[in-house]
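Peer 1: heads up, no residue letters with this:
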């Protein structure tokens, strides 16, 4: 049965049937599923006020709008479901698998450290693993994610704990949420001299949403004005009740500077894990896990820090991580030592991938390199389609004329030292809201230094290049300087956000507001040869300024607008301005229809600063 004709176009009526489409699908993809002509869908969408080509990636809302119009229930498949279906085509699954009881063994807890910026998360980790990370980071803010394993003693037994170090800046919210997905326990760091802050609550919400146990580290107890009891009281409002108050949450007073309470904190983590969690993993199934960090190393190429969640990762395995694939050439721990294998809950660096995966991508080991490449290629196409759909600015027919006249868009290329930073910076920039008339588009992002090809791309598309903890390489610097490409370097993320927001505001058309200067009442009209009529006037309010804009008001109604004060005289002398209470002669250029008792109102247009 055909749908009603839309501008002469007949389409198959779906009668409420469901069609599943991947995110970023095109009208051609939809046409194949419902046995329609792509051109007919293009025409139908045109009549609904959307300009889309047959092969262009279309966002979710537009697909569903079109589906509702032609009677189909269009279901956009989430990236997770799409990935699951992709793996099923290769007889692979991601997630827990049943196995023999003897294949399961205890694994270390994975701990994520969260909290408000400047509450001492990095220094606390520094004290735990005895490595000076803070000294290498700009502004004391963690700019990328790392994972480390430490060994502590509990009841005479040595036990490892894996720590994931999440950044403190609020722009990395998505990374924190992603960290909570792979974590078993959250250590919430709160400064004893500061108290619960907005990002403390934000981190707490992520942890509670992930339904993981929380251990509270009350840091900076050695500082003057520290009040650990106040922290315990504040957190009861958010459902964290200390054990000493009859609750279930362990609070530990620590000092990252004096190392007070560090051993107690590690013991609290293990005790919480033993009491609340059954931490076991199958060591014999095919290895799977999550990418914590990805970066481009000059000597070793793409390097991914991964957290093995199940199975045993070994050198020589064929691995696919997100849209990257390869064969594991070497496994390195956080200190650069080579490992033969990595067991569950072990963070390890993997060398041998073809490209840099994104932080949060899943990885799994497959039997053949060919399968790894096919999975990576399909994921790459899916990510590209989804990005194209999200970047497309919707243009209605009403806006088409204005859009064709002027496309106000700021194009960016983002390069960073690791994939987590690049992704988080892009996400933060895309959330900047300035005005509907301009848009922000990231045309390329990547890990590593700014290369000549990046500058070539910037030249072609009139782009600003952002380098985060990376610099331009030799030829790239020369080309950028010669061609005048705007390359900006940053080490702290909020500086980049502030500057791009300012740049977007600078692209806006100026907004003017009218400011009244003065009014004058016409007492007499004089005819002056070669000049025309001149209004003999008394300035009633403000100041009459020569060359200012003016309008003529008669009996309360505007009879002439867009005039200007072309001549202004006090008696026989020319004047620049005449103030309230004084008489003057006002000439309005070629406009002569001036009568006694008219009011001349003068004003100027001033540019209004944008908020």
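Peer 2: The structure has been received and is ready for your questions. Quick caveat, the model's predicted, so the values are computed rather than measured.

Peer 1: in stretch 483-490, what's buried?
Peer 2: 485, 487, 490 (16 or more other C-beta atoms under 10 Å). Every C-beta, even on glycine, is put in place using the N, C-alpha and C of the backbone.

Peer 1: any idea which helix or strand of the chain has the worst average confidence?
Peer 2: In the chain, no helix or strand scores lower on mean pLDDT, DSSP states H and E than helix 397-405, which sits at a mean of 44.

Peer 1: Buried residues, the next helix or strand after that helix. List them.
Peer 2: Next along the chain after helix 397-405, taking DSSP states H and E as the criterion, comes strand 409-416. Residues of strand 409-416 classed as buried: 410, 411, 412, 413, 414, 415, 416 (neighbour count, 16+ other C-beta under 10 Å).

Peer 1: Could you find the closest non-adjacent residue to the third one?
Peer 2: Nearest non-adjacent residue to residue 412, counting by C-beta to C-beta, 6 or more residues apart in numbering: residue 442, 5.0 Å away.

Peer 1: For that neighbour, grab the count of nearby residues.
Peer 2: Here the count is done by other C-beta atoms under 10 Å, and residue 442 has 20 residues near it.

Peer 1: Next, the contact list for it, please.
Peer 2: Counting by C-beta atoms under 8 Å, 6 or more residues apart in numbering, residue 442 makes contact with 391, 411, 412, 413, 414, 426, 429, 430.

Peer 1: now it, what's its secondary structure?
Peer 2: Here residue 442 takes the strand state, with states given by DSSP: H, G, I helix; E, B strand; the rest coil.

Peer 1: as a whole number, average confidence for the host helix or strand of residue 251?
Peer 2: Using DSSP H and E, residue 251 falls within strand 250-253. Taken as a whole, strand 250-253 carries a mean pLDDT of 94.

Peer 1: Residue 413 contacts residue 466, doesn't it?
Peer 2: Yes - at 6.9 Å, residue 413 and residue 466 qualify as touching, with contact defined as C-beta atoms under 8 Å.

Peer 1: those strands in the stretch 351-500 of the chain, which residues are they?
Peer 2: All strands of the stretch 351-500 of the chain, identified by DSSP state E, counting those that start in this stretch, fall at 362-366, 409-416, 439-447, 463-468, 487-490.

Peer 1: hang on, the earlier thing: return the distance of the residue nearest to residue 412 relative to residue 496.
Peer 2: With the distance defined as C-beta to C-beta, to the nearest Å, residue 442 ends up 12 Å from residue 496.

Peer 1: now residue 296
Peer 2: Counting by C-beta to C-beta, the gap from residue 296 to residue 496 is 20 Å.

Peer 1: same deal with residue 375?
Peer 2: Residue 375 sits at a distance of 33 Å from residue 496 (criterion: C-beta to C-beta).

Peer 1: top strand in the chain by residue count?
Peer 2: In the chain, assigned by DSSP state E, the strand with the most residues is strand 511-528.

Peer 1: helices or strands next to it in the packing?
Peer 2: Strand 511-528 is packed against strand 532-545, strand 583-587, strand 599-608, with contacts defined by 3 or more C-beta pairs under 8 Å, 6 or more residues apart in numbering; DSSP states H and E.

Peer 1: of all those strands, which lies closest to residue 125?
Peer 2: The closest of the helices and strands packed on strand 511-528 to residue 125 is strand 599-608. By C-beta to C-beta, the value is 47.8 Å.

Peer 1: roughly how far is that closest one from the heart of the chain?
Peer 2: Here strand 599-608 is found 42 Å from its chain centre; the criterion is C-alpha atoms, centre = their mean, to the nearest Å.

Peer 1: quick revisit: so what strands line up beside the longest strand of the chain?
Peer 2: According to DSSP bridges, strand 511-528 has the following sheet partners: strand 532-545 (antiparallel), strand 599-608 (antiparallel).

Peer 1: Just list whatever residues bridge to the closest residue to residue 600 other than its chain neighbours.
Peer 2: Computed as C-beta to C-beta, 6+ apart, the closest residue to residue 600 that is not its neighbour in sequence is residue 520, at 4.7 Å. Under DSSP bridges, the beta-bridge partners of residue 520 are residue 539, residue 600.

Peer 1: Residue 520 contacts residue 586, correct?
Peer 2: Yes - proximity of residue 520 to residue 586 meets the contact threshold set by C-beta under 8 Å, at 6.3 Å.

Peer 1: which residues are in contact with both of those two?
Peer 2: Counting by C-beta under 8 Å, 6+ apart, the shared contacts of residue 520 and residue 586 are 535, 537, 544, 600.

Peer 1: Report pLDDT for the third one.
Peer 2: The predicted local distance difference test score for residue 544 is 94.

Peer 1: Would you check that it makes contact with residue 516?
Peer 2: No - at 11.3 Å, residue 544 does not count as touching residue 516 under the criterion of C-beta under 8 Å.

Peer 1: any common contacting residues for these two?
Peer 2: Counting by C-beta under 8 Å, 6+ apart, the contacts common to residue 544 and residue 516 are residue 602.

Peer 1: neighbour-wise, which of the two wins?
Peer 2: Taking other C-beta under 10 Å, residue 544 and residue 516 do not tie; residue 544 has more neighbours (27 against 11).

Peer 1: could you measure that one against residue 292, distance?
Peer 2: 70 Å.

Peer 1: and what of residue 50?
Peer 2: Using C-beta to C-beta, we find residue 50 at a distance of 40 Å from residue 292.

Peer 1: Looking at those two, which one has more neighbours?
Peer 2: Legend: neighbour count by other C-beta under 10 Å for residue 50 and residue 292, higher for residue 292 (29 against 19).

Peer 1: Direction included, what does the helix or strand containing the more buried one pair against?
Peer 2: Assigned by DSSP H and E, residue 292 belongs to strand 288-297. Strand 288-297 has its sheet partners listed here by DSSP bridges as strand 301-310 (antiparallel), strand 362-366 (antiparallel).

Peer 1: mind putting those strands in CSV, mean neighbour count included?
Peer 2: Shown next, in CSV, are the strands paired with strand 288-297 (neighbours: other C-beta atoms under 10 Å):
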stretch, mean neighbour count
strand 301-310, 24
strand 362-366, 22
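
Peer 1: so which of those strands gets nearest residue 245?
Peer 2: Nearest to residue 245, of those and by C-beta to C-beta, is strand 301-310 at 34.1 Å.
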